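Visitor: can't give you the sequence, but here's the structure:
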């Protein structure tokens, strides 16, 4: 199964969580998404900033997932806040990007209007913070980071009949509310994300989980190694850093790109 590959080298317990989940979570999510008619919008949400710095994990997976969805016949619209401004301008297909304000009294209304305007067939979140049941947002260490990221989890709390998919790697991201009780019981998380999605895909990193999702959709649309190198250079040039080390470079969550290349080779050859 794809999940077993993207959970290699797991350091945050997602491999333990997976023992209590259906083994085909990636395949089922892809099947549900592909059941929707093409020529429709799909909204992608990403960006996780802590201490004012945007992480490399998340935007990379989102960018290549957007490219794959476009090639499949959908129209991806990427939504984030100012931390990711300009991160998707390199997109060859000219993906539309919305940079929403950090806060505002009319935020919930604005989000509902965006849904109404784009009429998407799916909402997909990649490494985006989601609030816990106490209302706080947390980083991978459990530190409260309220106000550092726009509350895009509100999109997933709208009363809408749209497929929702979350992608994460630590329990604090949008979608992890689906596994809240499991995270508390088996990983002893005190305050996991409370925002659930129809499908929640997990990996050692969210970029790797995104690659797994692409493989489940169509492995022919997995990114090439040189494309990944170019995109890392592009976003680190805009200030993105490794979320674990805090350093700029071709790494995410402490993993050098060679590990990503090895994973991608497995995904290309197996699926």
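Guide: Alright, I've got the coordinates. As the structure is a prediction and not an experimental result, all values here were calculated from the model.
Visitor: where does the protein have low pLDDT?
Guide: The chain contains residues with pLDDT under 70 at 90-94, 104-106, 271.
Visitor: How about the contacts made by the residue sitting nearest the centre point of it?
Guide: Nearest to the mean C-alpha position of the chain, counting by C-alpha atoms, centre = their mean, stands residue 126 at 0.8 Å. Counting by C-beta atoms under 8 Å, 6 or more residues apart in numbering, residue 126 touches 44, 45, 46, 58, 61, 62, 65, 167, 206, 209, 210. In short, each C-beta sits where N, CA and C put it, glycine included.
Visitor: any idea which helix or strand comes after the helix or strand hosting residue 166?
Guide: In this assignment (DSSP states H and E), residue 166 forms part of strand 163-168. As assigned by DSSP H and E, the chain's next helix or strand after strand 163-168 is helix 180-186.
Visitor: Just the terminal-to-terminal distance for stretch 190-207.
Guide: Using C-alpha to C-alpha, to the nearest Å, one end of stretch 190-207 lies 25 Å from the other.
Visitor: Enumerate the positions of it that are buried.
Guide: For stretch 190-207, the buried set under the neighbour-count rule, 16 or more other C-beta atoms under 10 Å, comprises 191-207.
Visitor: Ok, stretch 28-44 next?
Guide: Neighbour-count burial for stretch 28-44, counted by 16+ other C-beta under 10 Å, picks out 29, 30, 33, 41, 42, 43, 44.
Visitor: Now the second one: which helix or strand?
Guide: Under DSSP H and E, the secondary-structure element containing residue 30 is helix 25-34.
Visitor: any idea of the angle that helix forms with strand 163-168?
Guide: In terms of direction (axes from the mean of the first three to the mean of the last three C-alpha atoms, to 10 degrees), helix 25-34 departs from strand 163-168 by 150 degrees.
Visitor: list the contacts for residue 102?
Guide: Residues near residue 102 by C-beta under 8 Å, 6+ apart: 81, 82, 147, 149, 150.
Visitor: Output the residues you listed in TSV; the columns should cover secondary structure and neighbour count.
Guide: Below are the contacts of residue 102 laid out as TSV (DSSP: H, G, I helix; E, B strand; the rest coil; neighbours: other C-beta atoms under 10 Å):
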residue	secondary structure	neighbour count
81	coil	22
82	helix	14
147	coil	10
149	coil	22
150	coil	25
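Visitor: Spell out the secondary structure type for the residue lying closest to residue 186 once chain neighbours are set aside.
Guide: If the residues on either side of it in the chain are set aside, residue 186 comes closest to residue 16, at 5.8 Å by C-beta to C-beta, 6 or more residues apart in numbering. The three-state label given to residue 16 by DSSP: H, G, I helix; E, B strand; the rest coil is helix.
Visitor: wait, residue 16 sits on residue 188?
Guide: No: Residue 16 is beyond contact range of residue 188, at 10.4 Å (criterion: C-beta atoms under 8 Å).
Visitor: So for the two, which sits in the more crowded spot?
Guide: Taking neighbours as other C-beta atoms under 10 Å, residue 16 and residue 188 compare with residue 16 leading, 14 against 8.
Visitor: Isn't residue 236 up against residue 249?
Guide: Yes: between residue 236 and residue 249 there is a contact at 6.5 Å, judged by C-beta under 8 Å.
Visitor: Among the two, which residue is more densely surrounded?
Guide: A count of neighbours by other C-beta under 10 Å puts residue 236 above the other of residue 236 and residue 249, at 18 against 15.
Visitor: Quick check: the gap between that one and residue 253.
Guide: For residue 236, the distance to residue 253 (C-beta to C-beta, to the nearest Å) stands at 14 Å.
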